[in-house]
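Q: sequence and predicted structure are below.
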Amino acid sequence: MMRRTLNRKVEDVGKRMRGAGGTDGGAGLFLIGVTMMIIGFYLLLNAIVVNVNFGFGMRLFGLGGVSITSGMVMLPFIAGVVFIFYNSKNPIGWLLALGALAALFAGVLVNTQFRFARMSAFDLVTILVLAFGGLGLFLRSLRPMSRSD
């Protein structure tokens with residue numbers, strides 16, 4: 001009796017174990033696709049050069065015809081910190097400090113430039129095939145496969 005119960009449990013586990021994503025898709029396609037995606041997207045992100053033009057005196061925003069610099073944004077931040085340390089329940093202090101930090105963060109994002117590093121067309125095609133071919137194999141592994149596949 002105990003042996004039958006154990007055999008049933010083993011059979012049930014075998015029925016529940018499936019391929020990638022719980023489908024009858026190929027686990028091999030899943031692993032190859034994920035590996036290709038990791039390599040391809042790593043190479044793609046590694047080929048991007050990021051430049052940030054940010055510093056005191058640099059223009060963050062334009063409000064009408066007036067340029068607002070990062071140094072100007074620090075003044076409300078300093079005032080907000082003073083208000084917070086004087087009375088931490090003062091909403092104006094929190095508003096000034098958090099608003100200035102949000103403006104600084106937005107200014108850094110606005111002044112960030114992305115460009116590709118120098119590479120040949122072969123390098124770019126290889127990177128794109130690895131990244132997006134791997135994505136295709138990964139997605140294909142998640143759908144059920146018929147015997148003919």
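A: Here it is on my side, so go on. Numbers count the residues shown, from 1 in each chain.

Q: list the buried residues of stretch 26-43.
A: If you call a residue buried by 16 or more other Cβ atoms under 10 Å, then stretch 26-43 has these buried ones: 26, 29-30, 32-34, 36-37, 40-41, 43. The C-beta positions use only the backbone N, C-alpha and C, and glycine is treated the same way.

Q: now it: how far from the chain's centre is it?
A: When distances are taken as Cα atoms, centre = their mean, to the nearest Å, stretch 26-43 is centred 17 Å away from the chain's centroid.

Q: hang on, the earlier thing: format the buried residues of stretch 26-43 as a markdown table; extra columns: distance to residue 142 and pLDDT.
A: Output for these, formatted as a markdown table (distance: Cβ to Cβ, whole Å; pLDDT from 0 to 100):
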| residue | distance to residue 142 | pLDDT |
| --- | --- | --- |
| 26 | 10 | 74 |
| 29 | 9 | 84 |
| 30 | 8 | 86 |
| 32 | 13 | 91 |
| 33 | 9 | 91 |
| 34 | 11 | 93 |
| 36 | 15 | 95 |
| 37 | 13 | 94 |
| 40 | 18 | 95 |
| 41 | 18 | 93 |
| 43 | 24 | 94 |
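
Q: in helices, which of these appear?
A: Among these, the members falling in helices (DSSP state H) are 29-30, 32-34, 36-37, 40-41, 43.

Q: about what we covered before: of all the buried residues of stretch 26-43, which two lie farthest apart?
A: Using Cβ to Cβ, the buried residues of stretch 26-43 span at most 24.8 Å, a distance reached by 26 and 43.
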